[in-house]
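Trainee: Below is the structure, and that's it, no one-letter string:
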């Protein structure tokens, strides 16, 4: 090497070092912006869930007030209310009916474009909040967690599109990743259960779809859950479980709870999946499809009759009854578990926006109470209720890991996780004998086909 070449290298070294540092700073800056935008979207999902939770609590409180004052009004309020909500759903937000989780799963199985966007459209999904609010106020047996999933997915997707239009992109976040992060974040925030959100994303949303589980996706899910924890505290939804595994016969009772909840949960999932049209006699089906408002009216009458027979305990989420049973109080009305199952099916068949997660948990609590009544006083009431909550939710969704972790975080029952996992796995196996395809994915197929047809119709040129 000649002396001038050596000298040039020595003089150029500071410039190379400076360029390398500039590139590193730019790369760090891009990552910081990316993380900031991700946390901003997670914050929006958390705020939405907190606001929705406040509205849902108010709706349930006001429902208890008017039912306790004059419960017979349900025979008027529920039929007219569900019929009106069904009309509004069909008129303004047809893709917002039901839980919302099937729409998200359907969207994840479609390529980015009009079909996918229609299932998680922010304009339609935001309707779920007021419609679910009035459904709970009227007394429908619905929850807010499924709607929170769909609204969370729509919010995160809209947030990413907002920044993309301004030339700022979330690197590694394509439409599917944004939808999954928002949906699972919505569940984590709604249940105040960050870990359950991650498990739900992997087990339920990732089943049969193409998702890149990058670190940032999981950070987004956890951020939504932890932001809610930071605001409201780490308070389990149903309070802290005070029981412990049974000293004798624990395996036997877990198997009994799993078998009974698995069978009933499978029937429950099959009824929801087939819908009122699929369960009705063939001669009635054409009329049912042509008159959805009258079907909602009839479901309202049925729900009011069940409510009057159970002193209104089946209305709303059933949170109060489940919390009492978990604390050891024998406060459930006669046949509450079966009545809650029927009330939730009637509410879902009405076709209004509303989730099934919390109603399924409270149904399981009621079934656990029935098992305890048959078992006698020698068994800890709370243990059978807790195991049945996880088992029934696992049977209804065929997502045993999600069910176990959700119940663990909602009840602060970490020492019981192993037994809940065993019961959930067994209950899922039993459920498949009654409903071979998971309910959410069965329903997602209908929304997917509907979205494809609507997109094709919209793309068709007008007739000359």
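Mentor: Here it is on my side, so go on. Since the structure is predicted, the reported quantities are computational estimates derived from the model, not experimental observations.
Trainee: what sits against the closest residue in space to residue 89 that isn't next to it in sequence?
Mentor: Distances taken as C-beta to C-beta, 6 or more residues apart in numbering put residue 97 closest to residue 89, at 5.1 Å, once the chain neighbours are dropped. All C-beta atoms are positioned from the backbone trio N, CA, C, and that covers glycine. Neighbour list for residue 97: 89, 351, 352, 353 [criterion: C-beta atoms under 8 Å, 6 or more residues apart in numbering].
Trainee: Quickly name whichever of the residues you listed is closest to residue 141.
Mentor: residue 352 (10.9 Å; C-beta to C-beta).
Trainee: Quickly find the element holding the closest residue to that closest one other than its chain neighbours.
Mentor: Among residues not flanking residue 352 along the chain, residue 85 sits closest, at 4.4 Å (C-beta to C-beta, 6+ apart). Using DSSP states H and E, residue 85 falls within helix 74-92.
Trainee: what comes up buried for that helix?
Mentor: Within helix 74-92, the residues that count as buried by 16 or more other C-beta atoms under 10 Å are 74, 77, 78, 79, 81, 82, 83, 84, 85, 86, 88, 89.
Trainee: list the helices and strands that helix packs on?
Mentor: helix 128-138, helix 292-309 (3 or more C-beta pairs under 8 Å, 6 or more residues apart in numbering; DSSP states H and E).
Trainee: Distance to residue 320 added to the ones you listed, as TSV?
Mentor: Output for the helices and strands packed on helix 74-92, formatted as TSV (distance: least, C-beta to C-beta, whole Å):
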stretch	distance to residue 320
helix 128-138	13
helix 292-309	14
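Trainee: Centre-most residue in the chain?
Mentor: In the chain, the residue lying closest to the centroid (C-alpha atoms, centre = their mean) is residue 146, at 3.0 Å.
Trainee: quick one: it and residue 356 touch, right?
Mentor: Yes - counting by C-beta atoms under 8 Å, residue 356 is a contact partner of residue 146 at 6.4 Å.
Trainee: Mind checking the pLDDT average for the helix holding residue 85?
Mentor: For helix 74-92, mean pLDDT rounds to 95.
Trainee: Report the angle between it and helix 292-309.
Mentor: With axes from the mean of the first three to the mean of the last three C-alpha atoms, to 10 degrees applied, the angle from helix 74-92 to helix 292-309 works out at 150 degrees.
Trainee: what's the angle between the helix or strand just after helix 74-92 and helix 128-138?
Mentor: For helix 74-92, the succeeding helix or strand toward the C-terminus, using DSSP H and E, is helix 101-108. Angle, helix 101-108 to helix 128-138, by the same axes, to 10 degrees: 160 degrees.
Trainee: Could I get the buried residue list for whichever helix or strand comes after helix 101-108?
Mentor: Per DSSP H and E, helix 101-108 leads on to helix 114-119 as the next helix or strand towards the C-terminus. The neighbour-count check on helix 114-119 (16+ other C-beta under 10 Å) flags 115, 116, 117, 118, 119 as buried.
Trainee: isn't residue 110 right next to residue 449, touching?
Mentor: No - if you go by C-beta under 8 Å, residue 110 and residue 449 don't touch, sitting 10.4 Å apart.
Trainee: So for the two, which sits in the more crowded spot?
Mentor: residue 110 (21 against 12; other C-beta atoms under 10 Å).
Trainee: any idea of the mean pLDDT for the host helix or strand of residue 392?
Mentor: Secondary-structure assignment from DSSP H and E places residue 392 in helix 381-397. For helix 381-397, mean pLDDT is 93.
Trainee: which non-adjacent residue is nearest residue 94?
Mentor: Residue nearest to residue 94 in three dimensions, not counting chain neighbours: residue 124, with 7.6 Å by C-beta to C-beta, 6+ apart.
Trainee: what inclination does the helix or strand encompassing residue 262 have with respect to helix 292-309?
Mentor: In the assignment (DSSP H and E), residue 262 maps to helix 250-279. Here helix 250-279 points in a direction 140 degrees away from that of helix 292-309 (the same axes, to 10 degrees).
Trainee: quick one: the strands in the stretch 351-464 of the chain?
Mentor: For the stretch 351-464 of the chain, applying DSSP state E, counting those that start in this stretch gives no strands.
Trainee: quick one, helices of it?
Mentor: 357-375, 381-397, 400-411, 417-431, 439-459 (DSSP state H, counting those that start in this stretch).
Trainee: what's the most buried one of those?
Mentor: helix 381-397 (a mean of 31; mean count of other C-beta atoms under 10 Å).
Trainee: where are the low-confidence patches of the protein?
Mentor: Counting by pLDDT under 70, the chain shows low-confidence ranges at 1-31, 169-172, 206-216, 377, 458-464.
Trainee: Touching both of residue 146 and residue 356, which residues are there?
Mentor: By C-beta under 8 Å, 6+ apart, the residues touching both residue 146 and residue 356 are residue 99.
Trainee: sorry, back to before: of the helices and strands packed on helix 74-92, which is nearest residue 441?
Mentor: Among these, helix 128-138 sits nearest to residue 441 (C-beta to C-beta), with 20.2 Å.
Trainee: Report the distance from that closest one to the chain centre.
Mentor: Centre-to-centre, helix 128-138 and its host chain are 16 Å apart (C-alpha atoms, centre = their mean, to the nearest Å).
Trainee: ok, and for the following helix or strand past that helix, which residues are buried?
Mentor: Using DSSP H and E, the helix or strand that follows helix 128-138 towards the C-terminus is helix 145-165. Buried residues in helix 145-165, defined by neighbour count with 16+ other C-beta under 10 Å: 145-160, 163.
Trainee: Just list what helix 145-165 packs against, helices and strands only.
Mentor: On a contact count with 3+ C-beta pairs under 8 Å, 6+ apart, helix 145-165 meets helix 3-69, helix 101-108, helix 122-125, helix 128-138, helix 175-191, helix 357-375.
Trainee: Determine which stretch of those is the most buried.
Mentor: Greatest average neighbour count among the helices and strands packed on helix 145-165 goes to helix 175-191 (a mean of 31), per mean count of other C-beta under 10 Å.
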